[in-house]
Structures are given as C-alpha cells and as structure tokens.
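Asks: please find the sequence and the predicted model below.
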Amino acid sequence: MTKIEAWVHAARPKTLAGAVAPVLVALTAAALHRVDVFDCDDGIAAPLLALPAVLCLLFALLMQIDANLINDYFDFVHGRDDGSRLGPKRACAQGWLTTSEMLRGIVLTSALACMVGFPLVFWGGWALVLVGIACLAGAFLYTTALAQYAMGDVLVVLFFGFVPVCASFYVQTGVCPSDVLMLGLAIGLVTDCLLLVNNFRDYDNDLSHRKRTLVTIIGRPLTKLLYAACGIAAVIIVAAITRQWFVMLVFLLPHFHTLYRLHRIGSGAALNSTLAQTSLNILFFAVLTIISLILQ
C-alpha cells in the first residue's frame, strides 16, 4: 500500500457521511429561512454569503478526519487495535503509517481545521471560537477517555447533531430557533446508529479489553431496540417539524432492513457490511430531511 492510499484509508471516507449530513441539512434550512442568501444582485455579496457555507462544510470534514486519525493513533498505542479486531484495518496497527507520521497528520488536520474554521468568526462572532475548541477537545476526549466510559453516544449526538446543525444555521442566519435544535437532535440520533453498529460488532472485543460502551452495558438485544428507536425518533422529529410524514417514513425501510441484517448476521466481521449500510442511511436521512424542508 502506498502512503497516499494509507492516508486515504486512515481518513475513513465511508464515515464522512456523518460530517456532511448535518451541515447540508442546516444549510438547506438556513437558505429557506433567508431565501436571499444565494439570490443576491450584488455580484460580490453572493459569494461572500456562500463562503461561510463552504467553510462550515470543510471544517466538519476536517474535524471528522482529525477524529479518525486520533482514534487510529490512540487505539494503537493503548493496545486496543490488536489481532482480535473485527473492523476495517487501521493504518498504525498494520504498519502502513508510523505513530510519528500519524501524529504529524493529526497536527496538520487540526491546524487546517482551525484555519478553515476561524474565519467563521466574521459571520458568527467570537463564540464560534469556543465551539471550535470544544470540537477539537471532543475529538481527542472521545478516544482517549470518554468513549471508554459509555459517553461516546452522547458525544456523537452532540458533535454530529446539535453542534454542526446549530452552528451552521447560526452562521448563515444569526439565529437558532427551537426547530433547528430539534433537527440537530434528529441528525444526531441517526448518526449515533453508526456508533451503535460499530460497538455491536466489537462487543466481545470491548469486553475483553474492559472498554465500557453503551452496548457492553445494555447488551446486544437492547442495542437492537435502541437502534430501531433512534431511527423512529428521528423520523418523528423531522416529520413533526415539516409535516411531511410520508416522505420521512420512507427512511424506515432501509433503517429496518439494516437492523434485520444486524440481527441475522449476529456477530463477526460480516457486520462491517451493516456499518457501510448505516453510513448510507445517514445520507439518505439527510436527503429526505432536505426534501421535507423544501416541501414544507
């Protein structure tokens, strides 16, 4: 494997749906809230108003990649990525990248995220600096501490739901109404399904390493119920906001199909296929939400 291929693998492209989905939903909601954002007679103002949207999306992508690199590095140095791992191979554990190379990659992506995110202060104020610091802290704390104590799901809902949706909407509009908060919750719940599937697959390995996740605490049967509940709750939230029940109910078809496969496969590396399906489900949910917002 070449170094470029190793870095692409370490970035985990399939997980980037969790970064893109909330920002796209927020930008759609913001565009509908301020219909003049991308329809401006001033040839200079239009790109300036579109610029924060691009920056929000780039920041979210960089932070997701940064979190993935951090996870790769610390899971390796803490001995959690050993031969018993069932998930996709990790760059440090496979020797594709050295720990020093991975640390340099973490520093670079963290710096790029800061460079991309800082200009958003121009539109959203200095409070966004605190949001950026919280995102960086969350990326490090997830792997190094909180994920080991069943706090990973809380962080996912917070940093893949509330934070990107509310911050992206606020940068565009200067406000954050309650409906936007609820959209953040809905996206966060759907994205958490990805973590639930990941930890469902790693149940035995996590127990052997004494890693406490929500799945190891409640067990696999209740995890499947929680997976179903997250999707149902997300659909209800968005449908209640947009009144587009038929559109949103469509999401339950792939959601429960993935749950069925999760139940049928049961355990082992074959569950990686359900992880990929859940990632696609997140994007599908975002598309349905965007359609519902437009039709509202």
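Replies: Sure, I can see it.

Asks: for the record, mean pLDDT for stretch 94-105?
Replies: The average of the pLDDT scores along stretch 94-105 is 92.

Asks: following the chain onward from the one helix or strand Val156 maps to, which element is next?
Replies: Per DSSP states H and E, Val156 falls inside helix 152-157. Next in sequence after helix 152-157, counting helices and strands by DSSP H and E, comes helix 163-173.

Asks: what sits up against that next one?
Replies: With contacts defined as Cβ atoms under 8 Å, 6 or more residues apart in numbering, helix 163-173 is touched by 19, 22-23, 25-27, 29-31, 33-34, 37, 49, 52-53, 56, 60, 120, 123-124, 128, 131, 134-135, 175-176, 180-181, 183-184, 187. Any C-beta I mention is one placed from the backbone N, CA and C, and that applies to glycine too.

Asks: buried residues of the helix or strand bottoming out on mean pLDDT in the chain, list them for me.
Replies: Least confident helix or strand of the chain, by mean pLDDT, DSSP states H and E, is helix 203-208 with a mean of 80. For helix 203-208, a neighbour-count test (16 or more other Cβ atoms under 10 Å) marks 203, 205-206 as buried.

Asks: could those be laid out in TSV, adding distance to Leu226?
Replies: Rendered in TSV, the data for the buried residues of helix 203-208 read as follows (distance: Cβ to Cβ, whole Å):
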residue	distance to Leu226
Tyr203	13
Asn205	20
Asp206	16
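
Asks: the stretch 101-250 of the chain: helices as residue ranges?
Replies: Ranges of helices in the stretch 101-250 of the chain, per DSSP state H, counting those that start in this stretch, are 121-124, 127-144, 152-157, 163-173, 178-201, 203-208, 214-242, 245-249.

Asks: which among these is found nearest to Phe74?
Replies: Among these, helix 127-144 comes nearest to Phe74, with 4.5 Å by Cβ to Cβ.

Asks: for that closest one, buried residues please.
Replies: In terms of neighbour count (16+ other Cβ under 10 Å), helix 127-144 has its buried residues at 128, 131-132, 135-136, 138-140, 142-143.

Asks: ok, so of the residues you listed, who is nearest Gly219?
Replies: Nearest to Gly219 among the buried residues of helix 127-144, counting by Cβ to Cβ, is Tyr142 at 22.5 Å.

Asks: got the contact list for that closest one?
Replies: Tyr142 neighbours (Cβ under 8 Å, 6+ apart): 67, 70-71, 152, 155.

Asks: looking at the helices of the stretch 101-250 of the chain, which one has the lowest mean pLDDT?
Replies: helix 203-208 (a mean of 80).

Asks: so which elements touch that helix?
Replies: helix 214-242 (3 or more Cβ pairs under 8 Å, 6 or more residues apart in numbering; DSSP states H and E).

Asks: residues of the helix it packs on that come out buried?
Replies: 214-216, 220, 223-224, 226-228, 230-232, 234-235, 237-239, 241-242.

Asks: pLDDT of stretch 55-62, averaged?
Replies: Stretch 55-62 comes out at a mean pLDDT of 94.

Asks: and the closest residue to Val121 other than its chain neighbours, how close does it get to Cys114?
Replies: Distance criterion Cβ to Cβ, 6 or more residues apart in numbering; nearest residue to Val121, sequence neighbours excluded, is Leu128 at 5.4 Å. Taking Cβ to Cβ, to the nearest Å as the measure, Leu128 falls 12 Å from Cys114.

Asks: mind listing what's buried in the helix holding Val156?
Replies: In helix 152-157, counting by 16+ other Cβ under 10 Å, buried: 152-153, 155-157.

Asks: closest one of these to Tyr260?
Replies: Closest to Tyr260, out of all of those and judged by Cβ to Cβ, is Asp153, at 22.0 Å.

Asks: enumerate every residue touching that closest one.
Replies: Asp153 sits next to 192, 195-196, 214 when contact means Cβ under 8 Å, 6+ apart.
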